[in-house]
Each structure stands twice: as structure tokens, then as C-alpha cells.
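J.: no FASTA, just this:
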């Protein structure tokens, strides 16, 4: 790779978003013609049983002519998710007491036990 190619790949502006095992890199780079484009890289850390680890990376190249459509689609999908499911995170990974839907279906018919709460009758007080 020539010195000019290295300059073309130079990051003009960068931002990092760390999110648990995932890290997102937002990098503005320059084309050979001197225009800018955006790369979005997801890097996910995987740990092996022996304690060693490796990263898997996925990259998106986003060019200016696609910005408006990309932004519209991302906003539409994010708004759909928030409208349908709210902004609260619902997952096994983020909630220790999370139960899968099939687990809760069977338990809905069960009578509550006194292990989970105390029966208190306010007339007794």
C-alpha cells in the first residue's frame, strides 16, 4: 500500500461507543477524490474457556448519497421498537429475574405461594 493510500484511509474524525461486550466505532474517512464517508464498525469480544479472547468485527460503509435514506430507516425502526416495546430493556442478559414467555405461561395458572409474599389481612392489625 502506497503512502497516498494510507493517507486516504486516515481517520478524519472518530467516536467510540462502548456497550457491554460490544464496542461501536464511528469513523469519518476520506475517499481518493477527497470526499468523506462514514464507517460504522461493531467489535464484539468473545472469551474462550482458557481465558483467551478474540474479537469479531462487522463494518458498514456509508456514503453521503445514502445518508438521508439510512437515517430515515434507522429512525423509523427505532421509533417502531420504542412504540411497540417501550424503552425498557427486556432480556435475560439485562434482568436477572427475566423469565422467557413460555416459562411465564405455565406459571400464570399456578396459585401464588407464601414463599414470595406474606399474607397480611389489615383487619387483623
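T.: Done, it's in. Model, not experiment: these values are computed from the prediction. Numbering: from 1, shown residues only.
J.: neighbouring contacts of stretch 34-54?
T.: Residues outside stretch 34-54 that contact it (C-beta atoms under 8 Å, 6 or more residues apart in numbering): 12, 21-31, 55-64. C-beta: built from backbone N, CA, C; applies to glycine.
J.: and stretch 11-27, end to end?
T.: 6 Å (C-alpha to C-alpha, to the nearest Å).
J.: now do stretch 41-56
T.: Calculated as C-alpha to C-alpha, the first-to-last residue distance of stretch 41-56 is 10 Å.
J.: again with stretch 45-60
T.: Start and end residues of stretch 45-60 are separated by 18 Å (C-alpha to C-alpha).
J.: from here on, count from 31
T.: Sounds good: first residue 31 from here, last item stretch 75-90.
J.: list the buried residues in that stretch.
T.: For stretch 75-90, burial by neighbour count (16 or more other C-beta atoms under 10 Å) applies to no residue.
J.: ok so, going back, I would like a ChimeraX command selecting only the buried ones among the contacts of stretch 64-84, please.
T.: Only the buried entries of those go into this ChimeraX selection, using 16+ other C-beta under 10 Å:
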select :53,55,57,59
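J.: of the contacts of stretch 64-84, which belong to strands?
T.: Using DSSP state E, the subset of the contacts of stretch 64-84 located in strands is 42, 52-60, 85-93.
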